[in-house]
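> Here's my sequence, what's the structure:
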Amino acid sequence: MKLATFNVNGIRTRLPNLLHWLARESPDVVCLQELKALDGAFPEAELRQAGYGAIWKGQRSWNGVAILVKDGEPVEIRRELPGDPADEQSRYLEAAVNGVIVCCLYLPNGNPQPGPKFDYKLAWFERFTAHTQGLYQSGHPVVLAGDFNVIPTDADVYNPKSWQKDALIQPESRDAYQRLLSQGWLDCLRHEHPHEPIYTFWDYFRQHWPQNKGLRIDHILLNAELAPQLEAAGVHNWVRGEEHASDHAPTWIELSLTGAKRSAAAAATRRIPTEAPADPPPAAAARKKRAPAKPPRSKS
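Here you go, the predicted structure:
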C-alpha cells in the first residue's frame, strides 16, 4: 500500500495538479487537507473518473479534509474530532481502508500567537492526543496522516531564526507533538531520513521554493501494529514545482501489509475509544514498549 498526505490548498483551484499527481504516482490511499470548498463543490465525479472513491468534509473558504482510495471506497468511522461538540471546523476524518484505520487531520495553524488562534491550536492538539491514545491501544493497524502545522525540531526548518515568532515552532507546539509521539507513534519521514534536510512545505514568498527554504510540517505516523510494515517514505517534491502548485508537496509512505492485521470489518463497524483505558491490557502495554520497526540508517 502506498499512502500519501497532501495539503492541496484549494481543491478546485488545484484540481489539475491533483489529478496529474494521482495519474503519475498512483497512490492507493490519499489524505487531503485544506479543501477550501463546501461539500457540494467537492470534485467527486472527476476523482471517480480518475479511479478514486472518496469521503470528505468541506468548509467554505478554508479547512476541509478528504480521504481517497484507489479502486475502492473508504469506510467512514467518524467525521469529527471528539471532545468539543461546539467545534465546527472541518479538520478530521477517520476511515477503514483494507484493514487499516486511516486518520486524516488538518491541525490548526495557530497564528498569530499568542492569542485565541494559538489557544485553539493547543486545545485541538490536546483533544487529538486524547483520541489517539485510544487508537494506539485499539489493536488495529492505525496511521495518522496530515498537515500537523508543527515544525518538530530545528532540523525540520531551513532557518529556525526566521520562524521564531511563528506558532509552528513555539515550544508549546513542539511539546504537544513530542507528547503525541511518546504514545509510541513512529514518525515515518524522519525515521527513514534521520539526518538529511527534508521538507514538505515552501511558502510563496521570497523565492523560498527555488532556494529550497522549506519546512517539514506534513507528517505520517504509524502505531506499533503498522510500524513493522514500513518500507519507504519520502516527498514528491516535483509537485511543488508545477504551475499553480500548492505550497505543500505530497508526503508518502509505502507499506507491506502482509503481516498487518486485516480487521477491516471490525474497524469499520466498531467505534474506537476516544480516551485510553486507565489500565491497558498487558498486550497493549507490551506493544507500546516495542522498539521501532528498524533502527535509523546512518547517512554518509
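
> mind listing what's buried in stretch 101-117?
Within stretch 101-117, the residues that count as buried by 16 or more other Cβ atoms under 10 Å are 101, 102, 103, 104, 105, 106, 107, 108, 109, 110, 113. In this view, the C-beta of every residue, glycine as well, is placed from N, C-alpha and C.

> for stretch 144-164, same thing?
So stretch 144-164, judged by 16+ other Cβ under 10 Å, has buried residues 144, 145, 146, 147, 148, 149, 150, 151, 152, 156, 157, 163.

> and which of those residues is nearest to residue 27?
Nearest to residue 27, judged by Cβ to Cβ, of the buried residues of stretch 144-164 is residue 145 at 11.0 Å.

> phi, psi of the nearest residue to residue 216 once chain neighbours are set aside?
Setting aside the residues directly before and after it, residue 216 is nearest to residue 156 in space (Cβ to Cβ, 6 or more residues apart in numbering), at 3.8 Å. When read as degrees, to the nearest 10, the backbone of residue 156 gives phi -100, psi 20.

> Surely residue 143 forms part of a strand?
Yes. Assessed with DSSP: H, G, I helix; E, B strand; the rest coil, residue 143 lies in a strand.

> In helices, which of the buried residues of stretch 101-117 fall?
Taking DSSP state H, every one of those sits outside helices.

> from those residues, which is closest to residue 201?
residue 109 (11.4 Å).

> right, and that closest one touches residue 170 too?
No. Applying Cβ atoms under 8 Å as the test, residue 109 and residue 170 come out as separate, 11.7 Å apart.

> SS state for the residue nearest to residue 29 when sequence neighbours are not counted?
Nearest non-adjacent residue to residue 29, counting by Cβ to Cβ, 6+ apart: residue 3, 4.3 Å away. Here residue 3 is recorded as strand under three-state DSSP.

> Please give me every residue in contact with residue 3.
By Cβ atoms under 8 Å, 6 or more residues apart in numbering, the contact set of residue 3 is 27-31, 102, 143, 145, 220, 252-255.

> Make CSV out of those residues and add pLDDT and distance to residue 176.
Shown next, in CSV, are the contacts of residue 3 (pLDDT from 0 to 100; distance: Cβ to Cβ, whole Å):
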residue, pLDDT, distance to residue 176
27, 98, 28
28, 98, 30
29, 98, 26
30, 99, 25
31, 99, 20
102, 98, 22
143, 98, 19
145, 99, 17
220, 99, 17
252, 98, 24
253, 98, 22
254, 98, 28
255, 98, 26
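
> Among the residues you listed, which lie within strands?
Among these, DSSP state E puts 29, 30, 31, 102, 143, 145, 220, 252, 253, 254, 255 in strands.

> And those, which of them are buried?
Neighbour counting by 16+ other Cβ under 10 Å classes 29, 30, 31, 102, 143, 145, 220, 252, 253, 254, 255 among the ones in strands among the contacts of residue 3 as buried.

> Against residue 94, how distant is the fifth one?
The one in question is residue 143. Counting by Cβ to Cβ, to the nearest Å, the gap from residue 143 to residue 94 is 11 Å.

> same thing with the third one?
When distance is defined by Cβ to Cβ, residue 31 is 10 Å away from residue 94.

> In this structure the residue nearest to residue 216 contacts residue 215, no?
Yes. Under the criterion of Cβ under 8 Å, residue 156 makes contact with residue 215 at 6.5 Å.

> Low-confidence bits of the stretch 151-300 of the chain, can you list those?
Low-confidence segments of the stretch 151-300 of the chain (pLDDT under 70): 258-300.

> now the helices for it?
Shown for the stretch 151-300 of the chain, the helices assigned by DSSP state H, counting those that start in this stretch span residues 171-181, 188-192, 264-269, 282-289.
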